[in-house]
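J.: Pasting a predicted model and its sequence here:
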Amino acid sequence: HPLTRPGGAGAAPAAEVAVFGHVIDGREVMSADGATFDSVDPYTGEAWARFPLGGAAEADLAVAAARRAFDEGPWPRMGRRARREILTRFAELILAHGDELALADTRDMGKPITQSRGNDVPRTADNFRFFADHALLATAEALPMDSGHHAYTRYEPAGVVVAIAPWNFPMMLESWKVAPALAWGNTVILKPAEDSPASATILARLALEAGIPPGVFNVVHGYGPDSVGAALTAHAGVDRITFTGESATGRVIAAAAAANLTPVSLELGGKGANVVFADADLDTAVDWSIRAIFTNAGQVCLAGSRIYVHRGVQEAFLERFVAAARAMVSGDPKDPGTQVGPLSSAGHHAKVRGYVDTVAAAGGAVLTGGLGEGLFVEPMVVTGLGEDAPHQREEIFGPLVTVTPFDTEEEVIGLVNASPFGLNAMLFSENLSRAHRVAGRLTVGTVWVNCFFIRDLRAPFGGVGDSGVGREGGTFSREFFTEPKAVVMQI
Ligand code: NAD
């Protein structure tokens, strides 16, 4: 549909539609039945790329290829140093093809190019480097026993790993799963989200170029329910399922995995709480709070989507926060000046619009922002909502933030912990004791103090409650992607 933004209205129709295949057993192929689907650029509204639509047949082919590569191929047997060399080459190729990868994610789901090129590409490469290094350097435990026996651990690769990814940080979240799985000697089948499939095929092409043997890193395209996603998660030939996506999907996948007793790791939705105490440095708090909710148009599992501000500083905070929200530049995501792109798809826009349209009915006041043109929602700041409003409880996954006052530390801890989600929280305070005290009492997987988004890949990452099951990162990824084995010896 027509857009009047630069590059939108009157933009030439996509000159040609790019075609990307599945990558199975080292070959780029279409589906056996010839079925395809298109990816629509949410800024132009045009289909820019075409993909094979996989089903049970492609799931079977990919699992068979990954199983062969695991049982008979060199990858699990070549040792961690040799794998590290190949994965490091892969990381270098990712950087060298950064423009192509970044544009693929930006066209697929509308994230600003500065984000995909400046953040997601280097983070993707870094994930492969980090986990290759980590696997090489990780030590195993040796346990001398009083009885004179000696026990030690071995971390054997788990086998065939299925990785299912969402569309909000396509290549970056895929690499967060694929990198540790490969580094520990597994073989992988990645199913990217149907709204952001292109970068996965590019990654698989580059993996082959880097020397990762055929069948070790496979990519299949398609949908979830009644499609290749469901076929993969119900497959008895799979040893691990690692999933990132919505909490409701996580429940379906956990049930499918249970039938085969397949271990599953679930990184699910969030409702990040962001607490600004009266003793906060307000400039720091405003700066991070803006980035926490409006980066990637709020389509971030960690988004700081509910801000609790101490009543004493609420007015001062809101004045600066609203001004900063108004100053954000939305536009063509391919333009380096753009900070906020369109939402990822018409379907997702309709979901977010449901929340935008009901703010007033729920008792809220909009201080700035709202529906824009096309699939845009301009950064939206809402006050006055009660804790039972859907906007306050549910994951909106868009650029809409609620701001609510509180009076005491005890009260705000209760407000944060009342959410069914428990992925992350932020707190802003210049009082060291308060920061440690409150961080310890929040039922979430990550607490950021006076910052946000900062990650150490050795740290655990994951959520409590509806935000997930399990942790990934460093040794936590090793626990999931290996079968730790005890060997006990009589000395
Ligand atoms: P989604 O659950 O709709 O889809 C995620 C993936 O699962 C897609 O590849 C989809 O095709 C597949 N899928 C859907 N149903 C399936 C089924 N029955 N069987 C197998 N596969 C199935 O999620 P989304 O809309 O793509 O992503 C947004 C969600 O992801 C948000 O809730 C967000 O919070 C969450 N997320 C979480 C994290 C985290 O680390 N915790 C990170 C990013 C995104």
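T.: Now that the structure is in, tell me what you want to look at. This structure is a prediction, so every number in the text was calculated from the model and none was measured.
J.: residues contacting whichever residue of the chain sits closest to the ligand?
T.: Proximity of the chain to the ligand (C-beta to the nearest ligand atom) peaks at G224, 2.3 Å away. To be clear about C-beta, it is placed using only N, CA and C from the backbone, and glycine gets the same treatment. Going by C-beta atoms under 8 Å, 6 or more residues apart in numbering, G224 touches 164, 194, 230, 249.
J.: 10 Å instead, please
T.: Counting by C-beta atoms under 10 Å, 6 or more residues apart in numbering, G224 touches 164, 191, 193-194, 230-233, 245-246, 249, 252-253.
J.: Keep only those of those residues that are in strands.
T.: With DSSP state E as the criterion, strands contain 164, 191 from among the contacts of G224.
J.: and M328, how many neighbours does it have?
T.: By the criterion of other C-beta atoms under 10 Å, M328 has 17 neighbours.
J.: oh sorry, the question was meant for N424
T.: A total of 28 residues lie near N424 under the criterion other C-beta under 10 Å.
J.: Who are the contact partners of it?
T.: Each residue near N424 by C-beta under 10 Å, 6+ apart is listed here: 270-274, 292, 301-304, 442, 444-448, 452-453, 461-464, 467.
J.: same check, this time on F243
T.: F243 neighbours (C-beta under 10 Å, 6+ apart): 162-166, 177, 191, 229, 233, 249-250, 252-254, 257, 264-268, 468-469.
J.: cutoff 8 Å now
T.: The contact partners of F243, taken as C-beta under 8 Å, 6+ apart, are 163-164, 233, 249-250, 253, 264-267.
J.: swap in A65?
T.: By C-beta under 8 Å, 6+ apart, the contact set of A65 is 24-25, 214-215, 218.
J.: Most neighbours among those, which one?
T.: Highest neighbour count within the contacts of A65: N218, with 29 neighbours (other C-beta under 10 Å).
J.: Which other helices and strands does the helix or strand harbouring that residue contact?
T.: Of the helices and strands defined by DSSP states H and E, N218 is found in strand 217-219. Counting contacts by 3 or more C-beta pairs under 8 Å, 6 or more residues apart in numbering; DSSP states H and E, strand 217-219 is packed against strand 22-24, helix 56-72, strand 187-191, helix 198-210.
J.: average model confidence for that strand?
T.: Mean pLDDT, strand 217-219: 98.
J.: Check what contacts that strand and list those residues.
T.: With C-beta under 8 Å, 6+ apart, strand 217-219 has contacts from 22-25, 62, 65-66, 178, 182, 187-192, 200-201, 203-204, 207.
J.: tell me which of the contacts of G224 is nearest to D388?
T.: Looking at the contacts of G224 and their distance to D388, the nearest is E246, at 21.5 Å (C-beta to C-beta).
J.: Would you mind confirming that that closest one is in contact with L268?
T.: Yes: in this structure, E246 is within contact of L268 by C-beta atoms under 8 Å, at 6.7 Å.
J.: export the helices and strands packed on strand 217-219 to a markdown table and tack on mean pLDDT?
T.: Rendered in a markdown table, the data for those read as follows (pLDDT from 0 to 100):
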| stretch | mean pLDDT |
| --- | --- |
| strand 22-24 | 98 |
| helix 56-72 | 98 |
| strand 187-191 | 99 |
| helix 198-210 | 98 |
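J.: between the ones you listed, which gets nearest to K485?
T.: For the helices and strands packed on strand 217-219, proximity to K485 was assessed by C-beta to C-beta; helix 56-72 is nearest, at 16.6 Å.
J.: Okay, buried residues for the next helix or strand after the closest one please.
T.: Where DSSP H and E defines the elements, the next helix or strand beyond helix 56-72 is helix 80-96. Residues of helix 80-96 classed as buried: 80, 83-91, 93-94 (neighbour count, 16 or more other C-beta atoms under 10 Å).
J.: Note down every partner strand of the helix or strand containing V401 and its orientation.
T.: Applying DSSP H and E as the criterion places V401 in strand 400-406. Strand 400-406 sits in its sheet next to strand 306-310 (parallel), strand 377-383 (parallel), going by DSSP bridges.
J.: so which of those is the most packed in?
T.: Among the strands paired with strand 400-406, strand 306-310 has the highest mean neighbour count (mean count of other C-beta atoms under 10 Å), at a mean of 25.
J.: returning to that earlier point: between the buried residues of helix 80-96, which is closest to D71?
T.: Closest approach to D71 among the buried residues of helix 80-96 (C-beta to C-beta): R83, at 17.1 Å.
J.: which ones are touching the closest one?
T.: R83 makes contacts with 75, 132, 135, 182-183, 185, as judged by C-beta under 8 Å, 6+ apart.
J.: please redo it, this time with the cut-off set to 10 Å
T.: Contacts of R83 by C-beta under 10 Å, 6+ apart are 74-76, 131-132, 135-136, 182-185, 212, 216.
J.: quick one on the thing from earlier: list the buried residues for the strand holding V401?
T.: Buried residues in strand 400-406 (16+ other C-beta under 10 Å): 400-406.
J.: Rebuild these as CSV, extending it with distance to the ligand.
T.: Output for the buried residues of strand 400-406, formatted as CSV (distance: C-beta to the nearest ligand atom, whole Å):
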residue, distance to the ligand
L400, 14
V401, 15
T402, 17
V403, 21
T404, 21
P405, 26
F406, 25
